[in-house]
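Trainee: Using only what follows, build the 3D model:
(chains A and B)
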Amino acid sequence: MAHTVQPSPGDHEYTTTGLNHRKLLMWVFLSSDCLFFGALIATYMVYRGQSLNGPYPVDIISVPITTISTFVLLMSSFGMVQALSATVRNDQKAIQMWLLVTAALGAVFIGFQIYEFNAFKNEGLTLGVNLFGASFFTLTGFHGAHVTVGIIWLLGLYVAARKGRLGPATSLDVEIMGLYWHFVDIVWIVIFTLLYLIGGFDAGPTVFPGGSG
Amino acid sequence: MTTSHVENESHHPSFMLYVVVAAILFVVTIVEFLLIWDKVGIDDDLGASKIPILIILSAFKFAVVILFYMHLKFDANLFSLLFVSGLALGLIVGIALLGIFFTFEGNPREYALANAVPYVHEGEGAEHAGEGGESPSAGPVDLEVGVVGDALQFDISAMEASAGSEITLTFNNISTVNQHNLVVVQAGTKDEVATAGIAAGADKNWVPPGDERVLFNSSLLDPGGSEVLRFTLDAGEYTFVCTFPGHNITMFGDFTVSP
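Mentor: Okay, here's the model as predicted:
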């Protein structure tokens, strides 16, 4: 039964699963990233409402502004699927345009986040000031880091596209990038719902024994 | 061992489908926003029931993105299996964590409520500083120090006096839950003294006995307690601090004695 498998240099890749290894690797990574963000989100939820001093979410969170940045990120996912679709069609102009649009929308999202972090800092919310600050900045900061990595990756693909290296034969490069990008998008869907829509109105404890001195 | 070729022609959805998905994501996000925006008013009618609605809506968006934008609906089952395993494991870990925290030791929020501190915007607290500080004078000086509610903070951040003047310092622990003391130490030594105080123990009022860095100290006051200290100081920089374990991090102020 000895049956050696020779990797062939052609278009075909040999696998035991019938699936492309790089794509499989990306899905394994995303699966593990679920645990990473799951732990951070769970930590936020455990600490929710436990801060002993302000600022509390209701003091500083602006849901309308973050709704806009959420739209921006959702629409960047649309740009991403268009980039992939253009790659499969070998429409070089469209590949470049949609990669740039996606990266630009990602950058706008990060811009909103920088603005938000700065505004929160000015209101007195820092990583160390209370449990809300610690769990909020850790979770959204790591998400922002994921988006930033995605933007750099997109720009790398854009450079490759400019050199004409992207097309139907290399569409997997764009598809794998897309998986990462959409994953970052769905993580934000969860964060937006839990931290902003549901948790954004959390006030501090309403009863202060003995009142304030 | 079986091998097979990679299938590269997965069925990618059409342009129209992508547009429809984007529109769905757009509309659902608007609905979510309207649900919680107080100016719309749906917020009040729904009350707490909006939370499950919001979770279902976001789960729907989540599913739409992974099924269509990430092609799981059209792609190999192994990818779905892999991703859903990680997702499920993450969810289970999260739910277990929440379960542990909210059932094992009661509700942490009760503790938070009992120990909460009102939020003072940056700048607003400045007016407290120096409120009780007296201007230096050669004669007797009366000083009064309190506590900011149940916070671990004195209600003033600085005091002044002149060298040799008779200082009468009244310390009122108005906290309803915390014990406090007031210890006058050489500037820059508050944390070392507090650490030494922990070793001395509550019996010694959390103050190290015979420590030359300590000039004067009150006893450990229970909530609502008050004590008057009378002393004189040489010119120099001092710190007043509460050495109850942990309080020294936030509960201190400068005590300047001018020549």
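Trainee: can you map out the helices along chain B?
Mentor: Secondary structure of chain B, counting by DSSP state H: helices at B:15-36, B:42-46, B:50-64, B:77-103, B:108-115, B:190-200.
Trainee: and the ones you listed, which is most packed in?
Mentor: Sort the helices of chain B by mean neighbour count, taking mean count of other Cβ atoms under 10 Å in any protein chain shown, and helix B:190-200 sits at the top with a mean of 18. (Glycine included, C-beta is placed from N, CA and C.)
Trainee: which helices and strands sit right next to that helix?
Mentor: Helices and strands touching helix B:190-200, as assessed by 3 or more Cβ pairs under 8 Å, 6 or more residues apart in numbering or on different chains; DSSP states H and E, comprise strand B:183-186, strand B:236-241.
Trainee: so where's the stretch 151-259 of chain B uncertain?
Mentor: Along the stretch 151-259 of chain B, no part satisfies pLDDT under 70.
Trainee: Nearest to chain A: which residue in it?
Mentor: Proximity of the stretch 151-259 of chain B to chain A (Cβ to the nearest Cβ) peaks at residue B:176, 3.4 Å away.
Trainee: My guess is that residue contacts residue B:223. True?
Mentor: Yes. If you go by Cβ atoms under 8 Å, residue B:176 and residue B:223 touch, sitting 5.2 Å apart.
Trainee: all helices for chain A, in order.
Mentor: Going by DSSP H, chain A shows helices at A:21-47, A:57-60, A:63-89, A:92-122, A:131-162, A:171-191.
Trainee: okay, the ones you listed in a markdown table with mean pLDDT and mean neighbour count next?
Mentor: As requested, these are exported to a markdown table (pLDDT from 0 to 100; neighbours: other Cβ atoms under 10 Å in any protein chain shown):
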| stretch | mean pLDDT | mean neighbour count |
| --- | --- | --- |
| helix A:21-47 | 93 | 19 |
| helix A:57-60 | 90 | 18 |
| helix A:63-89 | 93 | 21 |
| helix A:92-122 | 96 | 18 |
| helix A:131-162 | 96 | 19 |
| helix A:171-191 | 95 | 23 |
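Trainee: Break chain B down into its domains, please.
Mentor: B:15-114, B:124-258 (automatic domain parsing).
Trainee: Residue A:30 is nearest to which of the ones you listed?
Mentor: Nearest to residue A:30 among the domains of chain B is domain B:15-114 (6.1 Å), distances taken as Cβ to Cβ.
Trainee: still on that earlier bit, for residue A:43, find the nearest of the helices of chain B.
Mentor: Here helix B:77-103 is closest among these (Cβ to Cβ), at 7.5 Å.
Trainee: distance between that closest one and the chain's centre?
Mentor: 28 Å (Cα atoms, centre = their mean, to the nearest Å).
Trainee: Repeat that for stretch B:186-203.
Mentor: Using Cα atoms, centre = their mean, the offset of stretch B:186-203 from its chain centre is 24 Å.
Trainee: check contacts around the nearest residue to residue A:188 once chain neighbours are set aside.
Mentor: Residue nearest to residue A:188 in three dimensions, not counting chain neighbours: residue A:73, with 5.4 Å by Cβ to Cβ, 6 or more residues apart in numbering or on different chains. For residue A:73, the contact set (Cβ atoms under 8 Å, 6 or more residues apart in numbering or on different chains) comprises A:105-106, A:109, A:147, A:184-185, A:188.
Trainee: now do 10 Å
Mentor: By Cβ atoms under 10 Å, 6 or more residues apart in numbering or on different chains, residue A:73 lies in contact with A:105-106, A:108-110, A:112, A:143, A:147, A:181, A:184-185, A:187-189, A:192, B:25.
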